[in-house]
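> mind looking at a prediction? Sequence and model below.
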Amino acid sequence: MELLNDDCLEEIFKHLNTEEQIANIAVCTRFEVILRGMWRRRTASILRCHMFDQLKIDTKKFEKYLFEVQFNLKKAEFIQLSERNIESLKKYYFPQVLELSCCTEFSEEPSDRLTKTLAICFPHLTKLYIESSITGKYISSLKSLTDLKLKCSNLEPKYCSSIFKNLKLKRFEATNGCLRLRKALRHLKKCVTLEEIVMNEYYLYDIVHVLPTLVNLRKITSYIGWDADYILKHLAFYFGKEMKTIIINNSIWPRIPVLCILPNMYNLEKLSLYYYELEESEMKELAQKLSNLRELYYNRCRINTEYGLLHFVKYCKHLEVLNVSETTISKTFINALNNFLRTTYRPKPLKVYCARTPINKYTIEKIEDLSPMLQISFTYIKQELTEPAMYCEWEPDVQEDELT
């Protein structure tokens, strides 16, 4: 190591985790100088505090790191913060940190030492994720906060109410927590700036009647269960005309009765169904109702009849994307699709994604008179929802008198 110059050593240190770098400052003075120089230029950090004991990182080493990064750090993630770590954080000021993710060691007793520290030391946060046993106190003092994710077990309704009332949140996520939060969510209507909600189904079930009062709301993601059809029916009733995108991952729960919901959303432009099974007659009915559809994703779905998909091509004149990746489509379907496009006028070509299907490039090359309106791609598009969930997006119809 003595033969390596400082630049080479710095390049080696860059490949170490942050906590491993902190452990190395005790090796020698040279290592400490190089590492401190690196930290002064650092703008993002992921720190796994539960590794401190294993790597023999004491409080003084941790505080040396905080001292060097405090004025340049813009994004940070602290994993498994202990009470001792929180005490160290209180000694420093992080004026440029805008995004912070932190979780603490498990505790059954609620404590607000963490949120109090954040309010003092990270005053300009715009995005915050907390996984801890907190009551929610002091979060409302973070006036710049627009994106908040809570995974907490002791939240108090009065503090949650203060958060919704005093902060101009644009995104709120609560995927896990406590029954107390369900009571606090009724105050969500106070947060008129809210644009996106991500939460478990049982939370959304309680506040579905509040959603129309949130005039800027335009995105909802819900981890679905037995009441998903109830939620979707209400969303269709409240926002059906403005709805533009629906994505449903139906991998675990019983099939959501999409037929009785989607026909009300006749301006829908994008529909994604994962792990679904629709009969040909159901596809035809959907296609007739959703004539403005531009993108259809029918992935990892069982296809009883391939001709059901042709109804979407027939009735949805503006359809530009048909993704049937990871299904069981055959050459017969491609031929039928090609014959239809050769004899029908369309304003734009139809791009069909066939990744991980029985169709391959050799199959396409053997098709005679391939229509220029048919474009085949074998590019795999990553699944948008990896867990059983539904995502809805619409264009809010905001009136000036409503905002005033």
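Perfect, thanks for sending it.
> from what I can see residue 161 touches residue 184, true?
Yes. When contacts are counted by Cβ atoms under 8 Å, residue 161 is listed as touching residue 184 (5.9 Å). The C-beta positions use only the backbone N, C-alpha and C, and glycine is treated the same way.
> tell me which of these two has more neighbours.
Taking other Cβ atoms under 10 Å, residue 161 and residue 184 do not tie; residue 184 has more neighbours (22 against 19).
> and the more buried one, what does it touch?
Residue 184 makes contacts with 155, 156, 157, 158, 159, 160, 161, 164, as judged by Cβ atoms under 8 Å, 6 or more residues apart in numbering.
> out of the residues you listed, name the two that are farthest from one another.
The largest separation in the contacts of residue 184, counting by Cβ to Cβ, is between 156 and 164 at 13.0 Å.
> where does the protein dip in pLDDT?
Per-residue confidence of the chain (counting by pLDDT under 70) places the weak regions at 1-3, 176-180, 225-226, 252-258, 260, 303-305, 396-404.
> break down the stretch 201-350 of the chain into its strands, ranges please.
Remark: strands assigned in the stretch 201-350 of the chain by DSSP state E, counting those that start in this stretch are 219-223, 243-249, 270-274, 295-299, 321-323, 350-353.
> export these as CSV, with columns for mean neighbour count.
What follows is these, written out as CSV (neighbours: other Cβ atoms under 10 Å):
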stretch, mean neighbour count
strand 219-223, 21
strand 243-249, 21
strand 270-274, 21
strand 295-299, 21
strand 321-323, 20
strand 350-353, 20
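> mind putting the ones you listed in TSV, distance to residue 56 included?
What follows is those, written out as TSV (distance: least, Cβ to Cβ, whole Å):
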stretch	distance to residue 56
strand 219-223	40
strand 243-249	44
strand 270-274	47
strand 295-299	49
strand 321-323	52
strand 350-353	52
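> to residue 375, which of those strands lies closest?
strand 350-353 (4.5 Å).
> which neighbouring elements make contact with the closest one?
Packed against strand 350-353 by the contact rule (3 or more Cβ pairs under 8 Å, 6 or more residues apart in numbering; DSSP states H and E) you find strand 321-323, helix 331-342, strand 374-377.
> which other residues reach the helix or strand following that strand?
As assigned by DSSP states H and E, the chain's next helix or strand after strand 350-353 is helix 361-365. Taking Cβ under 8 Å, 6+ apart as the criterion, the residues outside helix 361-365 that touch it are 331, 334, 370, 376, 378.
> what's the answer for stretch 275-291, then?
Among residues not part of stretch 275-291, those counted as contacts by Cβ under 8 Å, 6+ apart are 248-251, 255, 258-259, 262-263, 265-266, 268, 271, 293, 298, 300-302, 304-305, 307-309, 311-312, 314-317.
> among the residues you listed, the buried ones, what's the PyMOL command?
Command for PyMOL that selects the buried part of the contacts of stretch 275-291, burial taken from 16 or more other Cβ atoms under 10 Å:
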select buried, resi 248+249+250+251+258+262+263+265+268+271+293+298+300+301+308+309+311+312+315+316
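> deepest-packed of the helices and strands packed on strand 350-353, please.
Among those, judged by mean count of other Cβ atoms under 10 Å, the one packed with the most neighbours on average is strand 321-323 (a mean of 20).
> need the contact partners of that one.
For strand 321-323, the surrounding residues in contact (Cβ under 8 Å, 6+ apart) are 272, 294-299, 309, 312-313, 350-353, 381.
> what two of those are the furthest from one another?
The largest distance within these, taken as Cβ to Cβ, falls between 313 and 381 and amounts to 18.7 Å.
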